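Engineer: I would like the atomic coordinates for the input below:
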Amino acid sequence: MDIDAIVKKMTLEEKARALEGEATWYTQDYPELGVPKIQVSDGPHGLRKMYRDGKTITSVCLPAACATACSFDTELMETIGSAIGKECQAEDVAVILGPAVNIKRSPLCGRNFEYISEDPYVAGKLSSALIKGVQAEDVGTSIKHFAANNQEFERMYGSSEVDERTLREIYFPAFEMAVKEAKPWTVMCSYNRINGTYSSENPWLLNEVLRDEWGFDGLVMSDWGAVSDRIAGIAAGLDLDMPGSRGVNNESIVKAVQEGRLSEEDVDKAVANILRLVEKFVSKRRKETFDREADHALAVKAAKECIVLLKNEEKVLPLSKEEKVALIGGFAEAPRYQGGGSSHINSFRVVSALELAEAYGSCTYSRGFSATEDVTDEALQKAAVEAATEADKIVVFAGLPDVFESEAYDRAHMQLPACQNRLIDQLTKLGKPVIVVLHNGSPVELPWADEVSGIVEAYLGGEGVGEAVMDVLYGGTNPSGRLAESFPIKLSDNPSFLNFPGTGHKVTYAEGVFVGYRYYDTKQMAVRFPFGYGLSYTDFRYSNLRVSRDSFTAAEGVTVSVDVTNVGDRAGKETVQLYVADQTGSAVRPVHELKGFCKLALEPGETKTATFTLDKRSFAWYDVESKDWYAANGSYVIEVGRSSRQIEYTAEVHIIGTPEKPPVITPDVQLGELMQSPYTREYIQERLKEYMMKFTQSDSETDEMIEAIVRFLPLRTLRSFQGATNEEVESICKGLQECIDRQTQ
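Structural biologist: Residues are numbered from 1 along each chain as shown. Model (predicted):
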């Protein structure tokens, strides 16, 4: 397909039509020019291909991102991506709309179940692996929602008020990493405004950052209905308007070009990007089989890798077939395994835990409460308690009903249904071990956590979750999931609590970079379960931490290794986590940040080595003034451990050779800053010698007071205390800047 030639042949009206979707799921076609239409489909945890009559195909529902993130397994994510890619080829779908990598700022976000993590590094690494898997099958992805879309409340109009450093360090990196490492075919811009400008018409976001800085060369599409001003959007880098305006915007585009308000060159760029997307898919189109049986088996396998064992007091798990086990709760017969909204799959096969109970031993079942609503049924609860009295152990299948969390609205609270909490409380009073299995898309408050013996977090584990849970409960699979988000004790502990979901059509990200564990750990605040946490049926020992060098430049980086041994009696998997703690004081930063993870599969007695390579970005923070990442000279602590709260080994390293940041020269710059900077110290000491002596000769103040006064005096105070003219202050500023320029050029 000669794209340049096709664009030249198209009339302006044809170009305008090309820039919007044809119906809900298709691009426009131009048979006379050899350009077919292609179809996109919702995802990202299964193919939700929708026909024109609104019906969806029967598909395999893989675990949602809230679950797959807990695998901390890039190989698994790539395998899942490959399966989805093959499904798309089989169903003639060119682009799957995912993965979704928005940061979990608040546990209340209604769409958290399809987002990966509160940590941008985890979100970036796992999404990159999924994208690579999909696109290896010659099918595109659409990483979403770019950017700062962290709630459903007013998502189509509200403005996310976020400072640039926070955007760069928290809300951009997952997108940046995926763009650079996995090269997604498309990026989907979000509905919301960012600091007052819609994402769909934000040239800084779509052109300067995404294309110019990160090198993205694919197509930018809108979320469905996210376009406000189509003309501004084209100029800002938005190529494809989905699902389109049914032709309404076409005339506006033509008129804007004719009147000189929109460059036809910008229109041509957008059309060319759409044609390149079409060519990518159709040029490598192939026959493929959507093997639902095989993909269901993958869904079960993936769910097993994602389950997180949160509590296992006195090794109450795994269960044995000889024990009498009471299964309680509506989720045992009707598991909640996916979220509501655009990612909802018409599932191929769902097997509940109850259907499998007979194969695992002596199990009885009592519903106790519904899986779909929060209604206390006294008769059901009484029957459940009676059934539990006859058992050796009690397993409660609890969770959030569909109505509690979904796309389009946020949760009102962080609690489980009251009927569930009430029954669990009653069961703990029987004096028998109680294990709770959770089916939820985001953290919940657990008022009974200290009273139960075991807690198993299954999240929304896809259509295979029932099979996976029973296998984990009875020890067929050793759980290896780790939390990709913190579980606060209560909602008000969350750093966004006072600023979620916002007022006046704005939400202020006042917590800045202190999101999730970055906040809890820095505050030394108690949490229910920390980021990265998860238990196993075996035990692991860490040893022999080593770094390739103690001192290095930021450009050189460092390699870190640690040995891990399975010292238990069964095979298991351990996720080794590496955090970096900045000790330089060059900026206000979290106490530590995740910069690497590695999942190791170990047989009993086996030892393997986890190795991490840390580059400049592993140590740096984003300096808004210089518009660059800055890793200051000085001390950093490498922390290696099992979670953000369980660090096994530390090593101190030093960065050297980073040029000092010169002060920003204005009349408001402080004398102390100028005196401390190697760029300006000598100039200030010579030029302002008499001014400095005026304060040091005073005998009415203490030395400490004099030092503080001088340190915090702005240069402009020369006018007040020395009678300097504006011209003299400006001359000093000019001299300082020239001094800096000579040393930095």
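Engineer: which parts of the stretch 301-450 of the chain are helices?
Structural biologist: Using DSSP state H, counting those that start in this stretch, the helices of the stretch 301-450 of the chain run over 353-360, 378-389, 418-428.
Engineer: where does Ala581 fall, phi/psi-wise?
Structural biologist: Main-chain dihedrals, Ala581, degrees, to the nearest 10: phi -110, psi 120.
Engineer: correction: the previous question concerned Asp92.
Structural biologist: Here Asp92 shows phi and psi, under degrees, to the nearest 10, equal to phi 60, psi 40.
Engineer: which ones are touching it?
Structural biologist: By C-beta atoms under 8 Å, 6 or more residues apart in numbering, Asp92 lies in contact with 39, 285. Backbone N, C-alpha and C define where each C-beta goes, glycine included.
Engineer: how close does it get to Glu606?
Structural biologist: For Asp92, the distance to Glu606 equals 46 Å [C-beta to C-beta, to the nearest Å].
Engineer: same check, this time on Leu277
Structural biologist: 46 Å.
Engineer: of these two, which one has the most company?
Structural biologist: Relative neighbour count places Leu277 above the other of Leu277 and Glu606, with 23 against 13, counting by other C-beta atoms under 10 Å.
Engineer: which helix or strand contains that one?
Structural biologist: Taking DSSP states H and E as the definition, Leu277 sits inside helix 264-282.
Engineer: what residues sit buried inside that helix?
Structural biologist: Using 16 or more other C-beta atoms under 10 Å as the test for burial, helix 264-282 gives 266-268, 270-282.
Engineer: where do the strands of the stretch 351-500 of the chain begin and end?
Structural biologist: 362-366, 393-399, 434-439, 454-457 (DSSP state E, counting those that start in this stretch).
Engineer: report all helices and strands that the third one contacts.
Structural biologist: In this structure, strand 434-439 makes packing contacts with strand 393-399, helix 418-428, strand 454-457, helix 465-473, judged by 3 or more C-beta pairs under 8 Å, 6 or more residues apart in numbering; DSSP states H and E.
Engineer: now the first one
Structural biologist: With contacts defined as 3+ C-beta pairs under 8 Å, 6+ apart, strand 362-366 has these neighbours: strand 324-328, helix 353-360, helix 378-389.
Engineer: what is the mean pLDDT for it?
Structural biologist: Across strand 362-366, the average pLDDT comes to 96.
Engineer: any idea how far that strand is from the middle of the chain?
Structural biologist: 39 Å (C-alpha atoms, centre = their mean, to the nearest Å).
Engineer: and if you look at the shortest one?
Structural biologist: Average the C-alpha atoms of strand 454-457, do the same for its chain, and the two points are 23 Å apart (C-alpha atoms, centre = their mean).
Engineer: tell me the strands beside that strand, with direction?
Structural biologist: In the sheet, strand 454-457 lines up against strand 308-312 (antiparallel), strand 434-439 (parallel) (DSSP bridges).
Engineer: over to the longest one?
Structural biologist: In the sheet, strand 393-399 lines up against strand 324-328 (parallel), strand 434-439 (parallel) (DSSP bridges).
Engineer: follow-up on the earlier one: deepest of the strands of the stretch 351-500 of the chain, which one?
Structural biologist: Among the strands of the stretch 351-500 of the chain, ranked by average contacts under mean count of other C-beta atoms under 10 Å, first place goes to strand 393-399 (a mean of 27).
Engineer: quick one: contacts for the nearest residue in space to Val316 that is not next to it in sequence?
Structural biologist: Here the nearest residue to Val316 in space, its sequence neighbours aside, is Ser453; by C-beta to C-beta, 6 or more residues apart in numbering that works out to 4.2 Å. Contacts for Ser453 (C-beta under 8 Å, 6+ apart) come out as 311-314, 316, 433-435.
Engineer: looking at these, spot the one nearest Lys9.
Structural biologist: Here the nearest of these to Lys9, counting by C-beta to C-beta, is Lys311; it sits at 66.0 Å.
Engineer: tell me the bridge partners for the closest one.
Structural biologist: Residues in beta-bridge contact with Lys311 (DSSP bridges): Ile455.
Engineer: for it, give me its contacts.
Structural biologist: Lys311 neighbours (C-beta under 8 Å, 6+ apart): 449, 452-455, 535.
Engineer: the helices and strands packed on strand 362-366: which one's closest to Trp204?
Structural biologist: Taking C-beta to C-beta, helix 353-360 is the member of the helices and strands packed on strand 362-366 nearest to Trp204, at 49.7 Å.
Engineer: now the residue nearest to Asn421 when sequence neighbours are not counted: how far from Tyr537?
Structural biologist: The shortest distance from Asn421 to any non-neighbouring residue, by C-beta to C-beta, 6+ apart, is to Pro447 (6.1 Å). Per C-beta to C-beta, Pro447 is found 27 Å from Tyr537.
Engineer: what about the two, which has more around it?
Structural biologist: More crowded of Pro447 and Tyr537, by other C-beta under 10 Å: Tyr537, with 20 against 14.
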